[in-house]
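Student: got a predicted structure here, sequence first:
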Amino acid sequence: MKDEALPVPVTQQLGRWALVVMWMGVIYFQSSQSRLPLPGIDWLDEAIRITGHFAEYFVLALLLSRATARERSLRRWAVVLLVCATYALSDEWHQSHVPGRDASAFDLMVDMAGVAAACVVSFKRMKAEGQGMKRSPAIRDRESHTPRSHTSGS
């Protein structure tokens with residue numbers, strides 16, 4: 001077993017990924033709605049819409065972070081970012097084909113802000129639990145063979 005992986009039972013791992021897929025279904029369902037029920041006050045409607053985008057992708061990133069919890073390296077965060085960005089892009093494309101909806105670069109930025117916030121929260125939680133990031137063996141070897149100089153800048 002690689003020292004970067006944490007043991008997680010297969011059924012638990014499948015359950016985590018099932019939650020990711022189900023949440024993606026929730027996002028897809030919301031994006032399929034031509035009109036969402038809103039109060040009808042312009043500024044409030046916009047605030048609800050923006051908060052919804054942020055929250056949907058915040059939750060998706062948290063679920064993905066949990067599903068990839070076995071991996072304790074940068075690959076974990078790369079997977080979370082890549083999957084969320086790809087799904088956000090496909091979601092905007094999907095919305096462009098729904099009557100009454102359109103694709104928006106602003107919405108995509110809000111989605112990714114939610115992802116970034118979730119990654120920060122998840123990473124801080126991981127560090128607080130003592131599950132810091134593991135460096136790859138290649139990086140550890142390189143660091144152990146590279147002498148550090150402690151010269152002053154005088």
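Tutor: That came through fine.

Student: what segments of the chain are helices?
Tutor: Under the criterion DSSP state H, the chain contains helices at 10-32, 42-67, 74-95, 105-128, 137-145.

Student: with mean pLDDT added, can I get the ones you listed in JSON lines?
Tutor: Rendered in JSON lines, the data for the helices of the chain read as follows (pLDDT from 0 to 100):
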{"stretch": "helix 10-32", "mean pLDDT": "93"}
{"stretch": "helix 42-67", "mean pLDDT": "93"}
{"stretch": "helix 74-95", "mean pLDDT": "93"}
{"stretch": "helix 105-128", "mean pLDDT": "92"}
{"stretch": "helix 137-145", "mean pLDDT": "55"}
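
Student: dump those to a markdown table, plus mean neighbour count.
Tutor: Backbone N, C-alpha and C define where each C-beta goes, glycine included. Formatted as a markdown table, the helices of the chain follow (neighbours: other Cβ atoms under 10 Å):
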| stretch | mean neighbour count |
| --- | --- |
| helix 10-32 | 13 |
| helix 42-67 | 18 |
| helix 74-95 | 17 |
| helix 105-128 | 16 |
| helix 137-145 | 10 |
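
Student: ok, and what's touching stretch 23-34?
Tutor: Applying Cβ atoms under 8 Å, 6 or more residues apart in numbering, the contact partners of stretch 23-34 are 36, 52, 56-57, 59-60, 63, 87, 91, 94-95, 98-101.

Student: before we move on, what about stretch 80-89?
Tutor: Contact with stretch 80-89 is made by 24, 27, 57, 60-61, 64-65, 68, 108, 111-112, 115, 118-119, as judged by Cβ under 8 Å, 6+ apart.

Student: so which of the residues you listed is the closest to residue 77?
Tutor: Of all those, residue 119 has the smallest distance to residue 77: 6.0 Å, by Cβ to Cβ.

Student: thought that closest one was touching residue 79?
Tutor: No. With contact defined as Cβ atoms under 8 Å, residue 119 does not count as touching residue 79 (11.0 Å).

Student: before we move on, back to that, what's the farthest-apart pair in the contacts of stretch 80-89?
Tutor: 68 and 108 (22.2 Å).

Student: spatially nearest residue to residue 19 (excluding sequence neighbours)?
Tutor: Among residues not flanking residue 19 along the chain, residue 63 sits closest, at 5.2 Å (Cβ to Cβ, 6 or more residues apart in numbering).
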